[in-house]
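Asker: Provided below are the primary sequence and the corresponding predicted coordinates.
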Amino acid sequence: MNSTMVYELRHPSEVDSQKKYPALFLMHGMGSNEQDLLGLAKGLEEHFYIFSIRGPLSQPPGFAFFPIEGFGKPHREGFDQVVSELTSFIEETIEQYPIDKSRLYLMGFSQGAILSMTLGLTLGNQIKGIIALSGYIPQFVKEEYNLQPVNDLSIYISHGELDNVLPFAWGQANHEYFKKLGANVSFHSYKEGHTVSLENYRDFRQWLHENR
């Protein structure tokens, strides 16, 4: 692959050379790394090619995908760049691995959720499903990006009612926005902070099973 992005790959223990597999792209939150979400996807490697991607920026104790200018405001140039890099990464994996391009899934937490929803909007119905855990959609994405139809897209959005990092209202706004665009939206709220509870884990795994 030409991409310089660092990632961890998981796939079925026995790959059928005559078969193409759905792909799941994982994106972590600020200060974490490519190992973080693999635990949430454990067991799915028997059904998916899983690419857990590391953010390209150093953010001790881990990494970040893009810098922040202010509350709810990603640095535009850095954000644009990583969206472009992730789009290219997805395209390259489809070319290199036995992936069914009609079954592409994105899952992210916090920064990863922000990027998952953004990529869902820019790639539109090329993406089959998204799991967005505690994120938001930047205003400039809504107003200035080239958004694609999402009428065939299914999206699971969750947010903690006690989230003190990204307000719960932003999760509700994500729900309303995708619903207005015609996507198949499943919204889940939890009495949690900026985290993924066991109940949330069980719910999105069930959703993924139903939307696979």
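Answerer: Sure thing, it's come through. Given the structure is predicted, the values throughout are model-derived calculations rather than measurements. Residues are numbered from 1 along each chain as shown.
Asker: drop to CA atoms for contacts and neighbour counts, all remaining ones
Answerer: OK.
Asker: in stretch 117-133, which residues are buried?
Answerer: Neighbour counts over stretch 117-133 (16 or more other C-alpha atoms under 10 Å) mark 117-133 as buried.
Asker: so which of the residues you listed are in helices?
Answerer: Counting by DSSP state H, the buried residues of stretch 117-133 place Met117, Thr118, Leu119, Gly120, Leu121, Thr122, Leu123 in helices.
Asker: which of those sit farthest apart?
Answerer: Spatial extent of these (C-alpha to C-alpha) is set by the pair Met117 and Leu123 at 9.9 Å.
Asker: how about the contacts made by Val150?
Answerer: The neighbours of Val150, taking C-alpha atoms under 8 Å, 6 or more residues apart in numbering as the test, are Gly120, Leu121, Gly124, Asn125, Leu181, Gly182, Ala183.
Asker: returning to what we had before: and which of the ones in helices among the buried residues of stretch 117-133 is nearest Pro67?
Answerer: For those, the nearest to Pro67 is Thr118 (15.7 Å; C-alpha to C-alpha).
Asker: just checking, that closest one touches Phe140?
Answerer: No. With contact defined as C-alpha atoms under 8 Å, Thr118 does not reach Phe140; the gap is 10.5 Å.
Asker: and the lengthiest helix in the chain, what's buried?
Answerer: When the chain is scanned for its longest helix (criterion: DSSP H), the result is helix 76-96. Using 16+ other C-alpha under 10 Å as the test for burial, helix 76-96 gives Phe79, Val82, Val83, Glu85, Leu86, Phe89, Ile90, Thr93.
Asker: pLDDT score assigned to the fifth one?
Answerer: Translated: Leu86. In this model, Leu86 is scored at 98, pLDDT.
Asker: which of the three states applies to the residue lying closest to Leu40 once chain neighbours are set aside?
Answerer: Nearest non-adjacent residue to Leu40, counting by C-alpha to C-alpha, 6 or more residues apart in numbering: Tyr201, 7.1 Å away. Recorded secondary structure, Tyr201: helix (DSSP: H, G, I helix; E, B strand; the rest coil).
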